[in-house]
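Colleague: I need the structure of the sequence given here:
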Amino acid sequence: MNKEYDLAVIGGGVVGCAIARELSRYQLSVVVLEKEADVARGTSGKNSGVVHTGFNVPKGSLKARLNVLGAAMFEELCTTLNVPFKRVGKLVVALSAAEAPDLERLKALGDANGVPSLEIIDSKEIKRMEPNIGGYAAMHVPTAAIICPFRLTIALAESAAANGVDILMQTAVKGISGKLGAFKIRTSRGMVRSKLVVNSAGLYADYVARLAGVSRYKIYPCRGEYVIIDKARSDLIQRMIYPVPPKGGSGLGVHLTPTIDGNILIGPSAAYVRSKTNDGTTGAMARQLVKEAQELLPGLSSRDVITSYAGLRPKTVSSAVGGFNDFTIEELPELPGMMHLVGIESPGLTAAPAIALDVARWAGTHLPLRPKHQFHPERKAPLIFNDLPPEEQADLVDAEPDYGQIICRCENITRKEILDAIHNPLGAQTLGAIKYRSRATMGRCQGGFCGPNIEKIMEEELGVQPTEMSLKGEGSWLFTGSTKDLRN
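Modeller: A predicted model of the protein is given here:
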């Protein structure tokens with residue numbers, strides 16, 4: 001690989017993919033360099049999937065402007081990309097009278113930031129809206145919404161690719177040299193030349209900056225663990241339930257979030273860790289999350305938990321300082337032509353489309369932005385067999401027998417949907433990539449039934465041997481060898 005582009009985006013998270021798609025509107029050659037085997041493998045795929053309204057970000061901050069603007073753009077963006085979007089609303093609950101003044105403070109901040117329709121409600125109204133929730137008072141946020149974060153990131157990447165952007169997976173950046181108009185990016189797959197560079201590397205934004213000779217940034221990884229509640233308990237809540245945010249904390253507190261697909265998320269925790277790969281989960285934290293959630297939702301049981309996961313926030317404040325910093329989005333005078341996006345933690349998902357607009361405007365100060373007449377904004381979404389009425393399902397099975405074979409029983413995922421996931425525009429090569437496109441392995445049994453079936457399909461469709469299969473890329477191998485050598 002030895003290609004030249006107008007602009008290179010380093011990082012295939014939701015912000016990087018949103019930037020790539022926005023730039024694909026113009027007559028520019030754009031590439032996304034992603035070190036993992038798929039997009040959304042970092043922070044972007046491991047968060048609550050909440051479209052935040054902006055009631056708890058500092059007035060006048062960059063974060064506030066981008067949060068509110070991004071939230072206003074989200075529904076139309078999701079409609080265009082055929083990504084599920086639900087405006088379920090949110091309650092921020094005060095458990096005691098002592099926390100009630102914090103609700104007034106949050107409402108005042110939200111009003112100042114232009115968040116519409118905020119109101120304080122009492123315990124009776126809480127019970128009317130959410131019969132299973134207890135609390136002294138709450139702030140109702142009717143415009144808050146949920147999406148699927150990895151599905152959105154995949155959709156942005158697929159749309160960008162369909163409009164001419166090169167999305168290069170397993171392409172780790174190893175060095176950056178050159179200057180405005182003539183950058184050289186050394187990668188694990190060869191040299192990339194680009195006139196402009198966008199550092200959207202999330203947890204590794206400080207590392208990428210140092211590769212270019214910029215040492216002013218420091219990322220402090222902060223791990224947030226979640227537990228996932230079985231779909232069978234989806235009726236416990238109808239909207240997001242948040243506590244009053246802890247003062248000086250590194251997160252918004254343990255909250256309950258209904259997901260697009262019918263589960264409930266509990267979390268996240270907030271614990272600084274040394275390593276940017278330390279996204280493991282613990283039984284102790286899972287129990288703690290359930291215990292804290294039960295303060296808001298007494299009817300919740302630990303038996304309702306089906307699995308857990310963790311994500312890492314790219315914080316720019318240390319554990320000694322705590323709290324939050326504003327987003328850093330800047331082109332430095334000593335290195336023109338390279339835009340750094342640093343510390344894009346929550347509400348980074350919500351702000352992503354607004355950040356993409358800002359970066360596109362910046363690119364236009366260095367390159368001509370001529371609209372691409374053949375730009376196609378819409379994206380055709382994969383068909384979800386289980387969402388269709390029985391008569392349509394029957395018609396599909398008649399037309400395509402692979403719809404008649406259920407591979408994942410928990411989520412009712414068909415063989416045809418697995419095949420569509422494998423042959424998606426970005427080229428799924430791992431079990432994780434298939435999982436995030438089809439939801440197979442995400443049910444109660446967590447792949448106990450469908451896992452072997454999917455691995456067999458991967459062997460047939462991709463031509464890979466079992467020992468070459470991985471969960472998420474290099475080093476996460478599914479098999480190390482055969483239990484029996486049948487040749488002897």
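
Colleague: and the longest helix for the chain?
Modeller: helix 62-81 (DSSP state H).

Colleague: need the next SSE after it, C-terminal direction.
Modeller: Downstream of helix 62-81, the first helix or strand assigned by DSSP states H and E is strand 85-86.

Colleague: partners of that next one, with directions?
Modeller: Strand pairing for strand 85-86, using DSSP bridges, gives strand 145-147 (antiparallel).

Colleague: the strand it pairs with: what's the following helix or strand?
Modeller: helix 149-162.

Colleague: strand partners of the helix or strand just after that next one, parallel vs antiparallel please.
Modeller: Next helix or strand after helix 149-162 toward the C-terminus (DSSP H and E): strand 166-168. If you go by DSSP bridges, strand 166-168 pairs up with strand 30-33 (parallel).

Colleague: just the C-alphas of the partner strand, formatted as CSV.
Modeller: The C-alpha coordinates for strand 30-33 follow below in CSV (Å, rounded to 0.1, in the frame of the first residue of the first chain):
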residue,chain,number,x,y,z
VAL,A,30,-10.4,10.3,2.1
VAL,A,31,-9.1,7.3,4.0
VAL,A,32,-9.9,6.0,7.5
LEU,A,33,-7.0,4.2,9.2
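
Colleague: report the buried residues of the longest helix of the chain.
Modeller: 62-75, 77-78, 81 (16 or more other C-beta atoms under 10 Å). For glycine as for every other residue, the C-beta is placed from the backbone atoms N, C-alpha and C.

Colleague: other residues contacting it?
Modeller: 51-54, 57-58, 83-85, 87, 113-115, 143, 145, 147, 152, 155-156, 159, 324, 326-327, 329, 347, 350-355, 357-358, 377-379, 381 (C-beta atoms under 8 Å, 6 or more residues apart in numbering).

Colleague: show me the helices in the chain, by range?
Modeller: For the chain, the helices defined by DSSP H cover 14-23, 62-81, 100-112, 123-129, 149-162, 205-211, 283-296, 348-363, 390-399, 415-422, 431-438, 450-462.

Colleague: what about the fourth one, distance to the chain center?
Modeller: Read that as helix 123-129. On the basis of C-alpha atoms, centre = their mean, to the nearest Å, helix 123-129 sits 32 Å off its chain's mean C-alpha point.

Colleague: in JSON lines, list the helices of the chain along with mean pLDDT and distance to Lys231.
Modeller: Shown next, in JSON lines, are those (pLDDT from 0 to 100; distance: least, C-beta to C-beta, whole Å):
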{"stretch": "helix 14-23", "mean pLDDT": "98", "distance to Lys231": "25"}
{"stretch": "helix 62-81", "mean pLDDT": "97", "distance to Lys231": "22"}
{"stretch": "helix 100-112", "mean pLDDT": "95", "distance to Lys231": "31"}
{"stretch": "helix 123-129", "mean pLDDT": "97", "distance to Lys231": "22"}
{"stretch": "helix 149-162", "mean pLDDT": "97", "distance to Lys231": "17"}
{"stretch": "helix 205-211", "mean pLDDT": "98", "distance to Lys231": "36"}
{"stretch": "helix 283-296", "mean pLDDT": "94", "distance to Lys231": "17"}
{"stretch": "helix 348-363", "mean pLDDT": "98", "distance to Lys231": "23"}
{"stretch": "helix 390-399", "mean pLDDT": "96", "distance to Lys231": "19"}
{"stretch": "helix 415-422", "mean pLDDT": "95", "distance to Lys231": "18"}
{"stretch": "helix 431-438", "mean pLDDT": "94", "distance to Lys231": "16"}
{"stretch": "helix 450-462", "mean pLDDT": "94", "distance to Lys231": "16"}
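
Colleague: contact partners for Gly13?
Modeller: Gly13 neighbours (C-beta under 8 Å, 6+ apart): 39-40, 42-44, 153, 200, 202.

Colleague: repeat the analysis, applying 7 Å as the threshold.
Modeller: 40, 42-44, 153, 200, 202 (C-beta atoms under 7 Å, 6 or more residues apart in numbering).

Colleague: Serialize the helices of the chain to CSV and add fields for distance to Lys315.
Modeller: As requested, these are arranged in CSV below (distance: least, C-beta to C-beta, whole Å):
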stretch, distance to Lys315
helix 14-23, 16
helix 62-81, 13
helix 100-112, 21
helix 123-129, 32
helix 149-162, 18
helix 205-211, 11
helix 283-296, 18
helix 348-363, 11
helix 390-399, 46
helix 415-422, 33
helix 431-438, 25
helix 450-462, 35
